[in-house]
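Novice: Build the 3D model from these lines:
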Amino acid sequence: MRDSPLTSVEYAAYSAIFEVDQITPTEFARTMGLPLTTALDHVRAMLKRRHIRKVRNPRDQRSYLIELTDAGRQAHA
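Specialist: Residues are numbered from 1 along each chain as shown. Just a heads-up that it's a prediction; the model follows:
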């Protein structure tokens with residue numbers, strides 16, 4: 001991890017998304033074992049880096065899914 005652009009916590013967050021391809025913020029929080037507000041802080045940081053994108057949730061139009069971008073996949077690799 002020393003040469004990685006991600007911290008170990010960030011790597012875990014990216015891995016949680018990578019494993020399922022798309023995930024809601026609530027599912028992301030649950031997977032990470034974090035309060036939703038803390039998980040949303042991670043989501044905002046990843047969005048700012050353009051490592052994730054929001055996509056419409058076809059099962060619930062009120063929510064969204066997050067997925068890694070190509071840049072996010074590269075950072076994770």
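Novice: When you work out contacts or count neighbours from here on, use the C-alpha atoms and nothing else.
Specialist: Noted.
Novice: all helices for this protein, in order.
Specialist: Using DSSP state H, the helices of the chain run over residues 8-20, 25-32, 36-48, 70-76.
Novice: got these as CSV, with mean pLDDT, distance to Asn57 and mean neighbour count columns?
Specialist: CSV is the format used below for the helices of the chain (pLDDT from 0 to 100; distance: least, CA to CA, whole Å; neighbours: other CA atoms under 10 Å):
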stretch, mean pLDDT, distance to Asn57, mean neighbour count
helix 8-20, 95, 14, 16
helix 25-32, 96, 11, 18
helix 36-48, 96, 16, 16
helix 70-76, 95, 20, 15
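Novice: just so I know, which of the ones you listed lies nearest Gln61?
Specialist: Evaluated over the helices of the chain, closeness to Gln61 peaks at helix 25-32, with 14.0 Å, by CA to CA.
Novice: returning to that earlier point: Pro58 is nearest to which of the helices of the chain?
Specialist: helix 25-32 (14.6 Å).
Novice: what are the C-alpha coordinates of the closest one, in CSV please?
Specialist: C-alpha atoms of helix 25-32 as CSV (Å, rounded to 0.1, in the frame of the first residue of the first chain):
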residue,chain,number,x,y,z
PRO,A,25,-24.9,4.4,-0.5
THR,A,26,-26.9,2.7,2.2
GLU,A,27,-25.7,-0.7,1.1
PHE,A,28,-22.2,0.7,0.9
ALA,A,29,-22.4,2.0,4.5
ARG,A,30,-23.7,-1.4,5.7
THR,A,31,-21.0,-3.3,3.9
MET,A,32,-18.3,-1.0,5.3
